[in-house]
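Novice: sequence plus the predicted model coming up.
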Amino acid sequence: MKLGAQYGYWTGQPRQDIIAVGMEAERLGFDSLWTGESYSSDAFTPLCWVGAHTKKIKLATGIAQLGARTPAALAMHAMTLDALSEGRFCLGIGVSGPQVIEGWHGQPFGKPIQRTRETIDILRKILQREDPVTASGPNLPLPYPKDAVGSWGLGKPLKLINTPLRSDIPIFLGAEGPKNIALAFEECDGWLPLYYSPERPEIYELPASNIPNDYEIAVNVTVNICDDVTEGLLPQKAILAFYIGGMGAQKRNFHTELMARMGYEKEAHEIQSLFLSGKRNEAIMAVPDDFADEISLVGPIGRIAERIELWKQSPVTTLIIGANDVTTMRTMAELIL
């Protein structure tokens with residue numbers, strides 16, 4: 001099993017520590033460093049910054065929002081970063097959610113799975129550089145149709161000017177629902193699950209056929225080394241309450257729906273109701289300890305070491321842990337690497 005370090009995105013003042021974090025993760029033997037984005041810092045720029053100061057660690061977005069960029073822009077980012085890092089880049093993508101895509105980026109959320117499939121197809125065509133790129137749409141037609149609103153009718157199929165360092169840059173898909181998970185296994189090199197439980201892999205409806213040996217499943221896991229498990233779960237419960245309660249509309253929240261599919265439907269809707277009514281502390285306390293615990297690594301080192309064995313027996317290939325605590329990173333490296 002490999003280790004990844006999750007740098008995330010800025011939630012307060014801009015952070016200046018990514019070089020130190022990346023260098024320490026590389027020294028400890030971590031396989032990858034991941035960044036995310038929401039509506040603050042972007043996922044690509046920090047990787048450029050740290051990539052110039054490291055040699056081996058993989059640089060990965062987890063995730064870059066599809067609605068924030070055209071497929072061509074994604075391909076240009078990926079190709080450039082991969083070349084400058086000498087083949088260390090991995091492109092993790094995901095649909096985000098309608099509140100962010102429509103509210104922040106001003107793009108229609110539409111049919112996210114269809115849009116994802118089209119994006120991956122265009123990305124592959126651009127990076128393979130075999131022919132000028134065309135796509136029939138319906139969401140992302142290339143060139144832009146001559147009869148479409150605002151079109152000048154002058155677009156023509158184009159091919160990437162330069163030859164990429166790698167035409168097969170790994171693509172990971174952040175996916176929660178059954179159809180999107182199926183797409184991750186059909187079209188991508190890796191899957192980025194949310195709320196993965198090594199105790200209950202059947203929840204995720206993975207392909208019936210054998211998963212390829214080189215297929216990657218990289219999971220973000222909260223690690224909190226502490227004496228009291230109940231108290232130690234509180235930070236994880238706070239994060240869960242925020243996403244399940246507030247990262248989405250009341251009628252459509254993918255995180256709420258996933259928790260419900262995991263057997264906590266009543267609790268998921270209670271958390272959402274409390275959070276949206278302003279009762280955030282109550283929402284945090286409504287997150288079941290059992291749910292928070294099965295998707296985390298919390299407690300004394302001995303307990304965490306025992307639970308790591310469950311992860312090693314699962315299909316998961318990489319545990320991605322928070323990069324905000326060097327002591328935890330060093331302990332996890334000792335336990336796993």
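Specialist: All right, it came through fine.
Novice: domain ranges for the chain?
Specialist: Annotated domains of the chain cover 2-223+297-336, 234-295 [automatic domain parsing].
Novice: and those, which one is worst for confidence?
Specialist: Ranked by mean pLDDT, these bottom out at domain 234-295, which scores a mean of 93.
Novice: got the end-to-end distance for it?
Specialist: 13 Å (C-alpha to C-alpha, to the nearest Å).
Novice: for it, what is the distance to the chain centroid?
Specialist: The chain centroid and the centroid of domain 234-295 are separated by 19 Å under C-alpha atoms, centre = their mean, to the nearest Å.
Novice: and stretch 291-301, by the same measure?
Specialist: 20 Å.
Novice: now do the buried residues in that stretch.
Specialist: Buried residues in stretch 291-301, counted by 16 or more other C-beta atoms under 10 Å: 291-299. To be clear about C-beta, it is placed using only N, CA and C from the backbone, and glycine gets the same treatment.
Novice: closest to residue 66 out of the residues you listed?
Specialist: Taking C-beta to C-beta as the measure, residue 66 lies nearest residue 295 of these, at 24.6 Å.
Novice: need the contact list for the closest one.
Specialist: Residues counted as contacts of residue 295 (C-beta atoms under 8 Å, 6 or more residues apart in numbering) are 195-197, 221-222.
Novice: now swap in residue 96 and tell me
Specialist: Neighbouring residues of residue 96 by C-beta under 8 Å, 6+ apart: 38, 63, 65-68.
Novice: give me that answer again for 10 Å
Specialist: Residue 96 makes contacts with 37-39, 63-68, 104-105, 109, 112, 174, 247, 254, as judged by C-beta atoms under 10 Å, 6 or more residues apart in numbering.
Novice: check residue 91 too.
Specialist: Contacts for residue 91 (C-beta under 10 Å, 6+ apart) come out as 43-44, 60-64, 74-75, 77-79, 81-82, 120, 123, 127, 169-173, 188-190.
Novice: can you map out the helices along the stretch 201-337 of the chain?
Specialist: 229-232, 234-246, 254-259, 265-276, 280-286, 289-294, 301-312, 326-336 (DSSP state H, counting those that start in this stretch).
Novice: nearest to residue 181, of those?
Specialist: Of all the helices of the stretch 201-337 of the chain, helix 254-259 sits nearest to residue 181, with 10.5 Å by C-beta to C-beta.
Novice: got the CA coordinates for the closest one in CSV?
Specialist: Once non-C-alpha atoms are left out, helix 254-259 reads as follows in CSV (Å, rounded to 0.1, in the frame of the first residue of the first chain):
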residue,chain,number,x,y,z
PHE,A,254,-24.5,14.0,-3.4
HIS,A,255,-22.8,13.5,0.0
THR,A,256,-26.1,13.2,1.8
GLU,A,257,-27.2,10.6,-0.8
LEU,A,258,-24.0,8.6,-0.4
MET,A,259,-24.4,8.5,3.4
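Novice: who touches it?
Specialist: So helix 254-259 is contacted by 95-98, 112, 175-177, 180, 193-195, 203-204, 240, 242-250, 253, 264-265, 267-269, 271-272, 275, 287-288, 291 (C-beta under 10 Å, 6+ apart).
Novice: shouldn't residue 120 be in contact with residue 180?
Specialist: No. Taking contacts as C-beta atoms under 10 Å, residue 120 lies outside contact range of residue 180: 11.7 Å.
Novice: what's the overlap in contacts for those two?
Specialist: Counting by C-beta under 10 Å, 6+ apart, the shared contacts of residue 120 and residue 180 are residue 173.
Novice: compare the two (neighbour count), which wins?
Specialist: Higher neighbour count among residue 120 and residue 180: residue 120, with 22 against 19, using other C-beta atoms under 10 Å.
Novice: wait, a helix at the more buried one?
Specialist: Yes. Under DSSP: H, G, I helix; E, B strand; the rest coil, residue 120 falls within a helix.
Novice: look up how far residue 9 lies from the residue nearest to it when sequence neighbours are not counted.
Specialist: If you skip the residues right next to it in sequence, residue 120 has residue 187 as its closest partner in space, 4.9 Å away by C-beta to C-beta, 6 or more residues apart in numbering. According to C-beta to C-beta, to the nearest Å, residue 187 and residue 9 sit 26 Å apart.
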